[in-house]
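[1] Predicted coordinates and the sequence they were generated for:
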Amino acid sequence: MSSLLHTTVADWMETLINDPSVSNYPTVRSTTPFMEWIRLVREDTPDFLVTDENGHPIGILSVTRVLPRVAEAWAKTQAFFETLLDTISEAVTVVDHNGIVTHWNKSAEDLYAISNPSIVGQSIHRFEWKSLMIARILDEGRNIRQIYHEPRPGTHVLVNASPVFQGQEIIGALASEQDVTKLVRLHNELFSTSAQLRDLEQELAPNNQPFHKIKGSGPAITHAISLAKRVAVTDATVLISGESGVGKELFAHAIHSASPRREGPFVAINCGAIPAALFESELFGYQGGAFTGADRKGKPGKLELAHGGTLFLDEVGELPLDMQVKLLRVLQDQVVYRVGGTQPIQVNVRIVAATNRALEEEVKKGNFREDLYYRLNVVSLEIPPLRERVEDIPELVQLFAKEFAQQYGKPMPRFDPEVIVIFMNYHWPGNIRQLRNVIERLIILHEGEWIRKEHLPLSMQGPSLQEEPPVRTTELVPSPATGETTLQQSSEIAEKSAILSALQKTYGNKSAAARMLGISRGTLYNKMKQYGLL
């Protein structure tokens, strides 16, 4: 506020001497927020006496001088705001606290074929689905993120919406819609043609292309495949890292198949699935009669079986510490001693290891030997999680759907665009393994041509909306006569809540909402009229 003062302390003192009436001016401090000062202005108080924190006068604040500057600043802000709305590609709708449209940008005009003059000043209720969404935002103070909707046939959008707060009060709401129609059409074209292309690829691809089974064309997976191809032709030890379910063993198989050892065996051992007491005999083998219950002929270990080929150590971070020492010696000397034996056995094995742990952290904690870590980590290959390769999801969905449709003798289903949007927004903690399991479940359980959102597991239906917790909740309203909530009122509130929930889940689709509620479409309309939802 101090920048608005138009007199210095010396000027003020001179004015005070010449015009004692100044002492009758309303007083504000220099630290008073500007908007708070504006609210104090009345017709009979055009000027304010400004004091410092100690109450000493330091100047005069003149309304007649400030307001033109406020008007100029407001006009500039409005000009920038209007330009911003017409510059961004998303369709933007702004409403006040009553649901009256105050702004409707050029992209919204193009998307809905409704001009700005014909919608601004009108109620948003002319759009049923958007009316319900805005009403929910205004009532609950709830943000909405990445909701899929089809506002009219052939048009697909992703919606983000937020309440506008002034202090603790909701004064309006803003919604932006990203037109993803082209992406949906491309997705549909992909689904209709990729099956044929994949069949042709399998027919034309020579047998010596082991990485052909790893699907995806995004930059993250492409980089991983490129690095794996380069290291495959060498004999270097490879450490594959990545979350559970990303396909580490698939990469290990491909590296072996593309290596000079492709004619040799590929032997895998899961270091986390074998009890520590049995691990040594599994890895190194044992001599006949080495322990009670041992085969008299003895048994070769995984290292012997992998001679001339590749040994894949899955979940190597689970390897017991005493086994880490013995494995390190084998890697250095290429010599194995069976349990209970004294005869050295020469082995020629390439090691490919995999882990979902951060081995560097395990080394710091003392859970993994540093020398073994560096011996395994000659070439590090990190496989990206599914959430970092979203662009590959449509192709993977189509691939798995075709695989399981053929396996279970079912027709190839079609996926609603909303389902693909949910898949692409989901965080996939189980990565590709989880996606594959979800598709298998859908193929087994679903009957019909289309797979839609309601067919997905419940755990996937909720998080796809990415809704934030409501700021406020609606409580039961006491009866005016008794002050208590009647049973009938409670029932009506629950019924209204159920209808709103169904409409939310179906994005305003009344036929789908009626099916979800187990009532006819006509009954749903009557109920919506009864509760003022139309």
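    Thanks, I have the structure now. Everything numeric here is computed off the predicted structure, so don't read it as measured data. Numbers count the residues shown, from 1 in each chain.
[2] CA only for contacts and neighbour counts going forward, please
    Noted.
[3] Give me the buried positions along stretch 153-168.
    Buried positions in stretch 153-168, judged by neighbour count with 16 or more other Cα atoms under 10 Å: Thr155, His156, Val157, Leu158, Val159, Asn160, Ala161, Ser162, Pro163, Val164.
[4] Residues contacting that stretch, please?
    Stretch 153-168 is touched from outside by 137-138, 141-151, 170-181, 184, with contacts defined as Cα atoms under 8 Å, 6 or more residues apart in numbering.
[5] closest to Gly298 among the buried residues of stretch 153-168?
    Nearest to Gly298, judged by Cα to Cα, of those is Leu158 at 64.1 Å.
[6] Three-state assignment for the closest one, please.
    Classification of Leu158 using DSSP: H, G, I helix; E, B strand; the rest coil returns strand.
[7] Look up how far Gly172 lies from it.
    For Leu158, the distance to Gly172 (Cα to Cα, to the nearest Å) stands at 20 Å.
[8] Any idea what Val50 is bridged to?
    Per DSSP bridges, the residues bridged to Val50 are Val28, Gly59.
[9] Give me the most central residue, this structure.
    The C-alpha lying nearest the average C-alpha coordinate of the chain belongs to Asn425 (Cα atoms, centre = their mean; 4.6 Å).
[10] Please enumerate the strands of the stretch 301-450 of the chain.
    310-314, 335-336, 345-346, 350-355, 379-382, 414-415, 450-451 (DSSP state E, counting those that start in this stretch).
[11] so where do the strands sit in the stretch 151-300 of the chain?
    Going by DSSP E, counting those that start in this stretch, the stretch 151-300 of the chain shows strands at 155-166, 169-179, 238-241, 266-270, 285-286, 299-300.
[12] so which of those strands gets nearest Leu311?
    It's strand 266-270; of the strands of the stretch 151-300 of the chain, that one is closest to Leu311 (Cα to Cα) at 5.0 Å.
[13] helices and strands around the closest one, which ones?
    Under the contact definition 3 or more Cα pairs under 8 Å, 6 or more residues apart in numbering; DSSP states H and E, strand 266-270 sits against helix 302-305, strand 310-314.
[14] so which of the ones you listed comes closest to Ser89?
    Taking these one by one with Cα to Cα, strand 310-314 is closest: 47.6 Å.
[15] what angle separates the closest one from strand 266-270?
    Here the directions of strand 310-314 and strand 266-270 differ by 20 degrees (axes from the mean of the first three to the mean of the last three Cα atoms, to 10 degrees).
[16] and strand 310-314, average pLDDT?
    Summarised as a single mean, pLDDT over strand 310-314 is 93.
[17] Now do that strand: distance to the chain's middle.
    Distance of strand 310-314 from its chain centroid, counting by Cα atoms, centre = their mean, to the nearest Å, is 33 Å.
[18] so what does that strand touch, helix or strand wise?
    Using 3+ Cα pairs under 8 Å, 6+ apart as the contact test, the elements touching strand 310-314 are helix 248-257, strand 266-270, strand 350-355.
[19] The closest residue to Ala175 other than its chain neighbours and His149: what is the separation?
    Take Ala175 and drop its neighbours on the chain: the residue closest to it by Cα to Cα, 6 or more residues apart in numbering is Ala161, 4.1 Å away. Remark: distance between Ala161 and His149 (Cα to Cα) = 13 Å.
[20] Could you do Phe404 as well?
    Using Cα to Cα, we find Phe404 at a distance of 29 Å from His149.
[21] tell me the phi and psi of Asp96?
    Reported as degrees, to the nearest 10, the phi and psi values for Asp96 are phi -90, psi -170.
[22] returning to what we had before: nearest to Trp450, of the strands of the stretch 151-300 of the chain?
    Nearest of the strands of the stretch 151-300 of the chain (Cα to Cα): strand 155-166, 17.2 Å.
[23] Name every strand pairing with the closest one and say which way it goes.
    strand 144-152 (antiparallel), strand 169-179 (antiparallel).
[24] Now distance to Arg126 and mean neighbour count too, for the strands of the stretch 301-450 of the chain, in TSV please.
    Formatted as TSV, the strands of the stretch 301-450 of the chain follow (distance: least, Cα to Cα, whole Å; neighbours: other Cα atoms under 10 Å):
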stretch	distance to Arg126	mean neighbour count
strand 310-314	59	26
strand 335-336	79	20
strand 345-346	81	14
strand 350-355	56	24
strand 379-382	52	19
strand 414-415	30	18
strand 450-451	30	16
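[25] Show me the one of the ones you listed that comes nearest Ala73.
    When these are compared by Cα to Cα, strand 414-415 sits nearest Ala73, at 51.2 Å.
[26] who's in contact with that closest one?
    Here strand 414-415 makes contact (Cα under 8 Å, 6+ apart) with Glu449, Trp450, Ile451, Arg452.
[27] Enumerate every residue touching the last one.
    For Arg452, the set of contacting residues under the criterion of Cα under 8 Å, 6+ apart consists of Phe415, Asp416, Glu418, Val419.
[28] Out of the residues you listed, which two are the most distant from each other?
    Phe415 and Glu418 (8.2 Å).
[29] all helices of the stretch 1-150 of the chain, in order?
    Applying DSSP state H, counting those that start in this stretch to the stretch 1-150 of the chain gives helices spanning 9-18, 34-40, 63-87, 106-112, 116-119, 128-140.
[30] List the buried residues in the fifth one.
    Within helix 116-119, the residues that qualify as buried are Asn116, Ile119, counting by 16+ other Cα under 10 Å.
[31] and of the contacts of Arg452, the nearest to Gly59?
    Glu418 (62.3 Å).
[32] residues touching the closest residue to Val267 other than its chain neighbours, list them.
    Excluding the flanking residues, the one nearest Val267 by Cα to Cα, 6+ apart is Leu311, at 5.0 Å. Going by Cα under 8 Å, 6+ apart, Leu311 touches Phe266, Val267, Ala268, Ile269, Lys302, Leu303, Val349, Arg350, Ile351, Val352.
[33] rerun at 10 Å
    252, 256, 265-269, 302-305, 349-353 (Cα atoms under 10 Å, 6 or more residues apart in numbering).
[34] And for Gln209?
    Here Gln209 is in contact with Ala254, Ser257, Ala258 (criterion: Cα under 10 Å, 6+ apart).
[35] Check Gly532 too.
    Listed by Cα under 10 Å, 6+ apart, the contact partners of Gly532 are Lys496, Asn526.
[36] how about it, phi and psi?
    phi 70, psi 30.
[37] Glu243 now?
    Dihedral angles of Glu243 (phi, psi; degrees, to the nearest 10) stand at phi -70, psi 160.
[38] Counting neighbours, what do you get for it?
    The number of residues packed near Glu243 is 18, by other Cα atoms under 10 Å.
[39] ok, back up a step: just the buried subset of the contacts of stretch 153-168, please.
    If you count burial by 16+ other Cα under 10 Å, the buried members of these come out as 137-138, 141-151, 170-181, 184.
[40] before we move on, the earlier item: any chance of the strands of the stretch 301-450 of the chain in a markdown table, with distance to Ser115 too?
    Shown next, in a markdown table, are the strands of the stretch 301-450 of the chain (distance: least, Cα to Cα, whole Å):
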| stretch | distance to Ser115 |
| --- | --- |
| strand 310-314 | 61 |
| strand 335-336 | 80 |
| strand 345-346 | 82 |
| strand 350-355 | 58 |
| strand 379-382 | 51 |
| strand 414-415 | 34 |
| strand 450-451 | 36 |
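[41] ok so, going back, which one of the strands paired with strand 155-166 lies nearest to Val330?
    Proximity to Val330 (Cα to Cα) singles out strand 144-152 among the strands paired with strand 155-166, at 53.3 Å.
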